[in-house]
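Q: coordinates only, sequence not included:
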Ligand code: PGA
């Protein structure tokens, strides 16, 4: 289905794939998806595979993303990786504020906004994640949670920054659980996110910004999700770890 916004489908490999396995996967994707022009394709390997994957996708239609980065530009921050270090490997995108980072590593909206600003300062495009938990959804707080995550984690970003930012709506209860949001739930959350972006920035930015859906996206549900008017792509975890399933998600989305 044709939309004004180009679809963007990204694979979040999480803490999976050795370098050899990463090269295997990306080699297969490069081959299978070589003719795809309608969708921006992104793979987000772990830090340790970025260098080799970067070389393996040279001159292809696959772009590189990282899964996290430091809010600092350098210095005594043991275990951290800066935006400039990612740029060395021609990384273009960086996932920020994934629910696993929020949940297991205590990342706050304030920290995520500092990371987003640091990413933009290095011309990296954030894929900024938001999403409610099951308890929040059941308590009728979905929109309030999404709004406060958006206001907090996009704080300080300019309209120019927003032109280079991708949002990802990932209901926490749908991540890795096999439970997907219904197309109605996804569409309604995406429309709400766009509405909040309009009120924070303006209508033009809201129309332009791409909002991915994430949470148990698979070949069998990709087409229906992507056909929703406000769904502009997918952030895929589990199903991005195999050539076949990621390729089928992309092909079913076109
Ligand atoms: P999933 O993960 O596709 O395995 O549910 C999505 C994500 O966490 O980005």
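A: Cool, the structure landed. What you see is a predicted model, and the numbers here were worked out from it, not measured in a lab. Residues are numbered from 1 along each chain as shown.

Q: after the one helix or strand in the chain whose mean pLDDT sits lowest comes which helix or strand?
A: In the chain, no helix or strand scores lower on mean pLDDT, DSSP states H and E than helix 134-138, which sits at a mean of 95. Using DSSP states H and E, the helix or strand that follows helix 134-138 in sequence is helix 142-153.

Q: contacts for the following helix or strand past that following helix?
A: The first helix or strand that comes after helix 142-153 along the chain, using DSSP H and E, is helix 159-163. Applying CB atoms under 8 Å, 6 or more residues apart in numbering, the contact partners of helix 159-163 are 116-117, 120, 154, 197, 201-202, 205, 208-209. Where C-beta positions appear, they are placed from N, C-alpha and C, glycine not excepted.

Q: Show me what from the chain comes close to the ligand.
A: 12, 170, 175-176, 214-217, 235-239 (CB under 6 Å from any ligand atom).

Q: ok, those vs the ligand, which is closest?
A: Comparing the residues of the chain next to the ligand against the ligand with CB to the nearest ligand atom places residue 237 closest, at 2.2 Å.

Q: what's the neighbour count on the closest residue to the closest one other than its chain neighbours?
A: Among residues not flanking residue 237 along the chain, residue 12 sits closest, at 5.1 Å (CB to CB, 6 or more residues apart in numbering). When neighbours are counted by other CB atoms under 10 Å, residue 12 registers 26.

Q: which residues touch residue 12?
A: With contact set as CB under 8 Å, 6+ apart, residue 12 has these partners: 44, 67, 95, 98, 214, 235-237, 240.

Q: Now with 7 Å, please.
A: Shown in contact with residue 12 (CB atoms under 7 Å, 6 or more residues apart in numbering): 44, 67, 95, 235-237, 240.

Q: Tell me which two of the residues you listed sit farthest apart.
A: 67 and 236 (13.0 Å; CB to CB).

Q: the strands in the stretch 101-250 of the chain, which residues?
A: Per DSSP state E, counting those that start in this stretch, the stretch 101-250 of the chain carries strands over the ranges 125-130, 166-169, 210-214, 233-236.

Q: Could you look over those strands and pick the most buried one?
A: strand 233-236 (a mean of 28; mean count of other CB atoms under 10 Å).
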